[in-house]
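> What follows is a protein structure lacking sequence information:
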Ligand SMILES: [Zn+2]
(Lines give C-alpha, C1' and ligand atoms only; values in the text may rest on other atoms or scores of the structure.)
Protein backbone atom coordinates (compact mmCIF):
# COMPACT_ATOMS: atom_id res chain seq x y z
CA UNK A 1 0.00 0.00 0.00
CA UNK A 2 1.36 3.32 -0.87
CA UNK A 3 0.88 6.96 -1.28
CA UNK A 4 1.72 7.78 -4.85
CA UNK A 5 0.96 11.45 -4.31
CA UNK A 6 3.76 12.25 -1.89
CA UNK A 7 6.67 11.48 -4.13
CA UNK A 8 9.73 13.42 -3.11
CA UNK A 9 10.65 16.24 -5.41
CA UNK A 10 13.88 15.88 -7.28
CA UNK A 11 15.10 18.88 -5.40
CA UNK A 12 18.33 19.15 -3.51
CA UNK A 13 18.69 20.94 -0.22
CA UNK A 14 18.91 24.68 -0.59
CA UNK A 15 21.15 24.76 2.44
CA UNK A 16 18.85 27.02 4.44
CA UNK A 17 18.14 26.45 8.08
CA UNK A 18 20.90 26.69 10.61
CA UNK A 19 21.54 24.22 13.39
CA UNK A 20 19.69 26.34 15.95
CA UNK A 21 18.16 24.38 18.76
CA UNK A 22 14.37 24.17 18.71
CA UNK A 23 12.74 23.04 21.90
CA UNK A 24 9.30 21.72 22.76
CA UNK A 25 8.36 25.30 23.60
CA UNK A 26 7.49 25.68 19.91
CA UNK A 27 4.39 23.61 20.46
CA UNK A 28 2.72 26.09 22.79
CA UNK A 29 2.84 29.23 20.64
CA UNK A 30 -0.58 30.67 19.93
CA UNK A 31 -0.30 32.58 16.68
CA UNK A 32 -0.80 30.47 13.55
CA UNK A 33 2.05 32.34 11.87
CA UNK A 34 4.36 31.54 14.77
CA UNK A 35 3.21 27.98 14.76
CA UNK A 36 4.03 27.65 11.09
CA UNK A 37 7.43 29.22 11.66
CA UNK A 38 8.20 26.83 14.50
CA UNK A 39 7.22 23.91 12.36
CA UNK A 40 9.40 25.15 9.52
CA UNK A 41 12.37 25.43 11.82
CA UNK A 42 11.82 21.92 13.07
CA UNK A 43 11.61 20.71 9.49
CA UNK A 44 14.83 22.45 8.51
CA UNK A 45 16.47 21.23 11.69
CA UNK A 46 15.54 17.69 10.97
CA UNK A 47 17.21 17.93 7.60
CA UNK A 48 20.36 19.26 9.18
CA UNK A 49 20.31 16.69 11.93
CA UNK A 50 19.89 13.62 9.74
CA UNK A 51 22.46 14.88 7.29
CA UNK A 52 24.98 14.92 10.11
CA UNK A 53 24.22 11.55 11.61
CA UNK A 54 25.86 9.21 9.09
CA UNK A 55 29.13 11.15 9.28
CA UNK A 56 29.17 10.71 13.04
CA UNK A 57 28.25 7.05 13.06
CA UNK A 58 30.15 5.62 10.13
CA UNK A 59 33.44 5.08 11.97
CA UNK A 60 31.81 2.91 14.64
CA UNK A 61 29.22 1.02 12.62
CA UNK A 62 29.84 -1.27 9.71
CA UNK A 63 26.63 -0.09 8.08
CA UNK A 64 24.77 2.89 9.45
CA UNK A 65 21.14 3.54 8.64
CA UNK A 66 20.81 5.76 5.60
CA UNK A 67 19.72 9.36 6.11
CA UNK A 68 16.24 8.87 4.62
CA UNK A 69 15.52 6.04 7.06
CA UNK A 70 16.73 8.14 9.99
CA UNK A 71 14.64 11.09 8.81
CA UNK A 72 11.54 8.88 8.53
CA UNK A 73 12.19 7.37 11.98
CA UNK A 74 12.38 10.87 13.46
CA UNK A 75 9.17 11.87 11.70
CA UNK A 76 7.44 8.67 12.86
CA UNK A 77 8.32 9.55 16.46
CA UNK A 78 7.25 13.17 16.00
CA UNK A 79 3.91 12.19 14.42
CA UNK A 80 3.14 9.33 16.81
CA UNK A 81 1.43 11.41 19.52
CA UNK A 82 -0.95 12.82 16.92
CA UNK A 83 -2.10 9.45 15.61
CA UNK A 84 -4.42 6.88 17.15
CA UNK A 85 -2.58 3.99 18.83
CA UNK A 86 0.51 6.11 19.23
CA UNK A 87 2.34 3.45 21.27
CA UNK A 88 1.95 1.07 18.35
CA UNK A 89 3.23 3.62 15.88
CA UNK A 90 6.66 3.71 17.47
CA UNK A 91 6.94 -0.05 17.01
CA UNK A 92 6.60 0.23 13.25
CA UNK A 93 10.03 -0.21 11.69
CA UNK A 94 11.24 2.09 8.94
CA UNK A 95 13.29 0.42 6.20
CA UNK A 96 15.26 1.36 3.11
CA UNK A 97 13.36 1.07 -0.16
CA UNK A 98 16.66 0.80 -2.03
CA UNK A 99 17.04 -2.63 -0.38
CA UNK A 100 13.43 -3.82 -0.53
CA UNK A 101 13.35 -7.44 -1.61
CA UNK A 102 10.47 -7.11 -4.10
CA UNK A 103 12.15 -5.84 -7.26
CA UNK A 104 9.01 -4.56 -9.04
CA UNK A 105 8.12 -2.32 -6.11
CA UNK A 106 11.70 -1.26 -5.43
CA UNK A 107 12.41 -0.20 -9.03
CA UNK A 108 9.07 1.55 -9.42
CA UNK A 109 9.52 3.51 -6.19
CA UNK A 110 13.15 4.45 -6.90
CA UNK A 111 12.10 5.70 -10.34
CA UNK A 112 9.72 8.14 -8.62
CA UNK A 113 6.58 5.96 -8.59
CA UNK A 114 5.99 6.58 -4.92
CA UNK A 115 7.60 7.66 -1.67
CA UNK A 116 6.67 4.90 0.75
CA UNK A 117 5.25 1.39 0.89
CA UNK A 118 3.59 -0.25 3.86
CA UNK A 119 4.55 -3.90 3.61
CA UNK A 120 2.82 -5.02 6.80
CA UNK A 121 1.50 -3.58 10.04
CA UNK A 122 5.09 -3.33 11.32
CA UNK A 123 7.14 -2.38 8.22
CA UNK A 124 7.22 0.81 6.15
CA UNK A 125 9.80 1.24 3.36
CA UNK A 126 10.84 4.76 2.31
CA UNK A 127 12.76 6.08 -0.69
CA UNK A 128 16.06 7.98 -0.62
CA UNK A 129 15.64 11.75 -0.96
CA UNK A 130 12.99 12.11 1.75
CA UNK A 131 15.69 13.35 4.11
CA UNK A 132 16.12 16.53 2.06
CA UNK A 133 14.60 19.56 3.82
CA UNK A 134 12.78 20.42 0.56
CA UNK A 135 11.00 17.06 0.83
CA UNK A 136 10.04 17.33 4.47
CA UNK A 137 6.35 17.98 3.76
CA UNK A 138 6.27 15.03 1.35
CA UNK A 139 7.71 12.81 4.10
CA UNK A 140 5.15 14.06 6.61
CA UNK A 141 2.22 13.46 4.23
CA UNK A 142 3.51 10.06 3.11
CA UNK A 143 4.02 8.76 6.64
CA UNK A 144 0.64 9.97 7.83
CA UNK A 145 -0.96 8.12 4.91
CA UNK A 146 1.06 4.93 5.46
CA UNK A 147 0.18 4.85 9.15
CA UNK A 148 -3.48 4.78 8.17
CA UNK A 149 -2.66 1.57 6.27
CA UNK A 150 -0.81 0.22 9.32
CA UNK A 151 -4.05 0.59 11.27
CA UNK A 152 -6.08 -1.02 8.49
CA UNK A 153 -3.76 -4.03 8.37
CA UNK A 154 -3.74 -4.32 12.17
CA UNK A 155 -7.43 -4.01 12.81
CA UNK A 156 -8.91 -5.80 9.80
CA UNK A 157 -6.50 -8.33 8.45
CA UNK A 158 -4.43 -9.76 11.29
CA UNK A 159 -1.51 -7.47 10.44
CA UNK A 160 -1.39 -8.57 6.83
CA UNK A 161 -1.64 -6.52 3.66
CA UNK A 162 -4.60 -7.00 1.31
CA UNK A 163 -4.81 -10.23 -0.66
CA UNK A 164 -7.15 -8.73 -3.26
CA UNK A 165 -6.93 -5.63 -5.44
CA UNK A 166 -10.54 -4.91 -4.49
CA UNK A 167 -9.55 -4.76 -0.80
CA UNK A 168 -6.54 -2.58 -1.55
CA UNK A 169 -8.75 -0.08 -3.36
CA UNK A 170 -11.26 -0.14 -0.50
CA UNK A 171 -8.43 0.68 1.90
CA UNK A 172 -7.28 3.47 -0.39
CA UNK A 173 -10.71 5.13 -0.51
CA UNK A 174 -10.51 5.56 3.23
CA UNK A 175 -6.78 6.34 3.45
CA UNK A 176 -6.89 9.03 0.75
CA UNK A 177 -10.03 10.58 2.24
CA UNK A 178 -8.57 10.67 5.76
CA UNK A 179 -5.17 11.88 4.53
CA UNK A 180 -6.78 14.80 2.69
CA UNK A 181 -8.85 15.69 5.74
CA UNK A 182 -5.80 15.67 8.02
CA UNK A 183 -3.60 17.67 5.63
CA UNK A 184 -6.29 20.38 5.54
CA UNK A 185 -6.64 20.40 9.31
CA UNK A 186 -3.46 18.85 10.72
CA UNK A 187 -3.26 18.07 14.42
CA UNK A 188 0.54 18.12 14.72
CA UNK A 189 0.99 21.90 14.94
CA UNK A 190 2.24 22.03 11.35
CA UNK A 191 0.70 24.05 8.54
CA UNK A 192 -2.16 22.81 6.36
CA UNK A 193 -0.88 21.36 3.08
CA UNK A 194 -3.58 22.14 0.52
CA UNK A 195 -1.59 21.07 -2.53
CA UNK A 196 -0.98 17.57 -1.18
CA UNK A 197 -4.55 17.42 0.10
CA UNK A 198 -5.70 18.02 -3.49
CA UNK A 199 -3.46 15.18 -4.68
CA UNK A 200 -5.02 12.93 -2.03
CA UNK A 201 -8.45 13.99 -3.35
CA UNK A 202 -7.42 12.67 -6.77
CA UNK A 203 -6.47 9.33 -5.27
CA UNK A 204 -9.76 9.22 -3.40
CA UNK A 205 -11.75 9.93 -6.58
CA UNK A 206 -9.80 7.33 -8.54
CA UNK A 207 -10.41 4.66 -5.89
CA UNK A 208 -14.08 5.53 -5.47
CA UNK A 209 -14.60 5.50 -9.22
CA UNK A 210 -12.84 2.13 -9.50
CA UNK A 211 -15.24 0.63 -6.96
CA UNK A 212 -18.33 2.25 -8.50
CA UNK A 213 -19.07 -0.88 -10.47
CA UNK A 214 -18.33 -4.53 -9.88
CA UNK A 215 -15.19 -5.68 -11.68
CA UNK A 216 -13.01 -8.75 -11.77
CA UNK A 217 -9.72 -8.84 -9.90
CA UNK A 218 -7.95 -8.69 -13.26
CA UNK A 219 -9.84 -5.51 -14.13
CA UNK A 220 -9.01 -3.84 -10.81
CA UNK A 221 -5.35 -4.69 -11.34
CA UNK A 222 -5.44 -3.22 -14.84
CA UNK A 223 -6.95 0.04 -13.52
CA UNK A 224 -4.17 0.35 -10.93
CA UNK A 225 -1.23 -0.36 -13.24
CA UNK A 226 -2.50 1.44 -16.35
CA UNK A 227 -3.49 4.70 -14.70
CA UNK A 228 -1.33 7.64 -15.71
CA UNK A 229 0.66 7.90 -13.55
CA UNK A 230 0.25 4.35 -12.27
CA UNK A 231 -0.84 3.50 -8.74
CA UNK A 232 1.04 0.19 -8.85
CA UNK A 233 4.02 -1.08 -10.85
CA UNK A 234 3.57 -3.58 -13.65
CA UNK A 235 3.83 -7.07 -12.18
CA UNK A 236 3.20 -10.57 -13.43
CA UNK A 237 1.94 -12.11 -10.19
CA UNK A 238 -1.05 -11.38 -8.01
CA UNK A 239 -1.21 -8.49 -5.56
CA UNK A 240 0.39 -10.64 -2.87
CA UNK A 241 3.56 -10.86 -5.00
CA UNK A 242 4.14 -7.13 -4.34
CA UNK A 243 4.47 -7.75 -0.60
CA UNK A 244 7.60 -9.31 0.80
CA UNK A 245 6.84 -12.42 2.83
CA UNK A 246 10.37 -13.82 3.09
CA UNK A 247 12.24 -12.21 5.99
CA UNK A 248 14.26 -10.15 6.16
CA UNK A 249 12.59 -7.94 3.57
CA UNK A 250 15.66 -5.71 3.39
CA UNK A 251 18.29 -7.32 1.19
CA UNK A 252 21.78 -7.47 2.70
ZN1 LIG B 1 -2.25 4.20 0.23
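Received it, and whenever you're ready, just let me know what you need. Just so we're clear, the structure is a prediction, and the values are computed from it rather than from any experiment.

> What are the boundaries of the helices in the stretch 51-200 of the chain?
Along the stretch 51-200 of the chain, counting by DSSP state H, counting those that start in this stretch, helices occupy 67-79, 86-89, 103-110, 136-156, 165-184, 194-210.

> any idea how far the third one is from the chain center?
For helix 103-110, the separation from the chain centroid amounts to 15 Å (computed by CA atoms, centre = their mean, to the nearest Å).

> tell me the most buried of the helices of the stretch 51-200 of the chain?
Counting by mean count of other CB atoms under 10 Å, helix 136-156 has the highest mean neighbour count of the helices of the stretch 51-200 of the chain, with a mean of 23. Using the backbone N, CA and C atoms, a C-beta is placed for each residue, glycine as well.

> which parts of the stretch 151-252 of the chain sit against the ion?
Applying CB under 5 Å from the ion, we find that the stretch 151-252 of the chain lies next to the ion at residue 175.

> In the stretch 101-250 of the chain, which residue sits nearest the ion?
residue 175 (4.6 Å; CB to the ion).

> ok, the closest residue to that residue other than its chain neighbours - contacts?
Leaving out its chain neighbours, the residue that sits closest to residue 175 by CB to CB, 6 or more residues apart in numbering is residue 148, at 4.3 Å. Residues in contact with residue 148 (CB atoms under 8 Å, 6 or more residues apart in numbering) are 174-175, 178-179.

> Give the residue spans of the stretch 51-200 of the chain that score low on pLDDT.
Along the stretch 51-200 of the chain, the parts satisfying pLDDT under 70 run over 51-63.

> can you rerun that using 90?
Low-confidence segments of the stretch 51-200 of the chain (pLDDT under 90): 51-64, 83-91, 156-159.

> Any idea how far apart the tips of stretch 155-165 sit?
The first and last residues of stretch 155-165 sit 18 Å apart, counting by CA to CA, to the nearest Å.

> How far does that stretch sit from its chain's centre?
For stretch 155-165, the distance to the chain centre is 18 Å (CA atoms, centre = their mean).

> what does it rub up against?
1, 118-122, 153, 167-168, 171, 217, 220-221, 224, 239-240, 243.

> if you set the cut-off to 6 Å instead, what comes out?
Under the criterion CB atoms under 6 Å, 6 or more residues apart in numbering, residues 121, 153, 168, 217, 220-221, 239-240, 243 lie in contact with stretch 155-165.

> Any of these buried? List them.
121, 153, 168, 220-221, 239, 243 (16 or more other CB atoms under 10 Å).

> So for residue 8, what's the pLDDT?
On pLDDT, residue 8 comes in at 62.

> what sits against the closest residue to residue 90 other than its chain neighbours?
Distances taken as CB to CB, 6+ apart put residue 80 closest to residue 90, at 5.3 Å, once the chain neighbours are dropped. Residue 80 sits next to 86, 89-90 when contact means CB under 6 Å, 6+ apart.

> Repeat that for residue 171.
Counting by CB under 6 Å, 6+ apart, residue 171 has contacts residue 152.
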